[in-house]
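*Asks:* Here is a sequence together with a model predicted from it:
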Amino acid sequence: MEESTFVHKSVLLYETVGSLNIKPGGLYVDGTLGGGGHAYEVCKRLGSGRLIGIDQDADAIEAAGKRLMPFQDKVTIVRSNYANIKEVLKDLDIEGVDGIYLDLGVSSYQLDTASRGFTYREDAPLDMRMDQRNDVTAAHIINTYSEMELYRIIRDYGEDNFAKNIAKHIVRARGEHPIETTGELAEIIKGAIPARVRATGGHPAKRTFQAIRIECNHELEVLEQSIDTMIDLLNPGGRLSIITFHSLEDRIVKSRFRLNENPCICPPDFPVCVCGRKSKGKVVSRKPILPSDEELEENSRSKSAKLRVFERGEY
Ligand SMILES: C[S@@+](CC[C@H](N)C(=O)[O-])C[C@H]1O[C@@H](n2cnc3c(N)ncnc32)[C@H](O)[C@@H]1O
């Protein structure tokens, strides 16, 4: 681990742990272990039970290993993508679990460690990989994607009104020399946003950096593809709890949960279901669970957090 020690304030901590209805003898999976903040609270509630903690980031694995040392007899830590949850559990001879939770996005440690290349606040190589074993860095995306692809990513994943101009400025700048650092990229983005907007909004590079990070780590595809598998891995009554940090993630969770609750595609006027698609359970939280005023005041990172919960029915 470099530079800063692992600092991260867990978001919706007690709401998430509470949502899992933890049984002391149960089996649980943390798919985004990070610094082990949520995991620590889960472990405190376990007796003979066990927690499998997954993270793709080597620094997180090291930090969580230290944090969870008091519970080492109850915890198994695996460096992997949560997209591989089925294989991870199979390797541990586990077929079903009583709860799974995800706390999506990057940790404060990843953001604050300049050399990881996630922050526009300091100058460092443009990296942004959560899993340092992957080949594709943010620099690769910025220097090789077409203007159209960059525009689409910045528009869709960053929801930035100036996406077109930003993509244009990036392509023009890289024509002179490759864009290698977060500082260079932040300056280029600044130049693509009108001065009157720069003066009012947040940091002009915030949305583009979020967009490139999402693309670099395939965050939305991985989430979309993993939810059904996770629900399938739950024992009856088991729960899947997911904390999201922006509308794109929340939309995916909301719609996949709904589809698992009611997958029937028969026309509404059919008297009985003939498509054969059976509900896998129910959405516990019709409305997302949001941080309390107290948490919002204490932790600015919680501002956009939403927790949704799904409960597996009987097979
Ligand atoms: C917000 S932090 C989790 C913090 C943790 N809940 C805590 O309280 O300390 C998100 C973590 O998830 C990891 N992560 C994000 N997407 C992942 C994925 N698809 N597979 C595995 N780990 C992932 C990141 O590397 C990061 O360490």
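*Replies:* Received it, and whenever you're ready, just let me know what you need. Keep in mind that what you see is a predicted model, and the values were worked out from it rather than measured. Numbering: from 1, shown residues only.

*Asks:* Now do the contacts for Phe270.
*Replies:* By CB atoms under 8 Å, 6 or more residues apart in numbering, no residues touch Phe270. Where you see a C-beta, it was placed from the backbone N, CA and C, and this is true even at glycine.

*Asks:* in what helix or strand does it lie?
*Replies:* In this structure, Phe270 sits in neither a helix nor a strand according to DSSP states H and E.

*Asks:* Quick check: it vs Cys264, distance?
*Replies:* According to CB to CB, to the nearest Å, Phe270 and Cys264 sit 9 Å apart.

*Asks:* again, but for Leu68
*Replies:* Taken as CB to CB, the span from Leu68 to Cys264 is 42 Å.

*Asks:* Mind checking which of those two has more residues around it?
*Replies:* Summary of the neighbour comparison: Leu68 and Cys264, criterion other CB atoms under 10 Å, with Leu68 having more neighbours (22 against 15).

*Asks:* Hmm, Glu41 and the more buried one touching each other?
*Replies:* No: Leu68 lies out of contact with Glu41 (CB atoms under 8 Å); the separation is 11.0 Å.

*Asks:* Leaving out sequence neighbours, find the closest residue to Ile100.
*Replies:* Residue nearest to Ile100 in three dimensions, not counting chain neighbours: Val29, with 4.4 Å by CB to CB, 6 or more residues apart in numbering.

*Asks:* which stretch of helix or strand covers the one you found?
*Replies:* Here Val29 is assigned to strand 27-30, by DSSP H and E.

*Asks:* Relative to the whole chain's centre, how far out is that strand?
*Replies:* 16 Å (CA atoms, centre = their mean, to the nearest Å).

*Asks:* For the following helix or strand past it, name the packing helices and strands.
*Replies:* Moving toward the C-terminus from strand 27-30, the next helix or strand (DSSP H and E) is helix 37-44. Contacts defined by 3 or more CB pairs under 8 Å, 6 or more residues apart in numbering; DSSP states H and E place helix 37-44 against helix 13-19, strand 27-30, strand 50-55, helix 58-67.

*Asks:* So for Glu294, which of those sits nearest?
*Replies:* helix 13-19 (11.3 Å; CB to CB).

*Asks:* That closest one packs against which elements?
*Replies:* helix 37-44, strand 97-103, strand 234-244, strand 306-312.

*Asks:* tell me which residues of the longest one are tucked away?
*Replies:* Of the residues in strand 234-244, those buried under the neighbour-count criterion (16 or more other CB atoms under 10 Å) are Leu234, Gly238, Arg239, Leu240, Ser241, Ile242, Ile243, Thr244.

*Asks:* what about the fourth one, distance to the ligand?
*Replies:* Translated: Leu240. Going from Leu240 to the ligand by CB to the nearest ligand atom, to the nearest Å gives 15 Å.

*Asks:* Pull up the gap between that residue and Tyr40, please.
*Replies:* Relative to Tyr40, and taking CB to CB, Leu240 is found at 20 Å.

*Asks:* Close to the ligand: what parts of the stretch 51-200 of the chain are there?
*Replies:* 54-57, 60, 81-83, 103, 105-107, 130 (CB under 6 Å from any ligand atom).

*Asks:* give me that answer again for 8 Å
*Replies:* Taking CB under 8 Å from any ligand atom as the contact definition, the stretch 51-200 of the chain meets the ligand at 54-57, 59-60, 64, 67, 80-83, 102-110, 130-131.

*Asks:* Can I have the buried ones of these as a ChimeraX selection?
*Replies:* To isolate the buried members of these in ChimeraX, using 16+ other CB under 10 Å:
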select :54,55,56,57,59,60,64,67,80,81,82,83,102,103,104,105,106,107,108,109,110,130
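
*Asks:* same for the one helix or strand Val78 maps to, what does it pack against?
*Replies:* Val78 is part of strand 75-79, with elements assigned from DSSP H and E. Secondary-structure packing of strand 75-79 (3+ CB pairs under 8 Å, 6+ apart): strand 50-55, helix 58-67.
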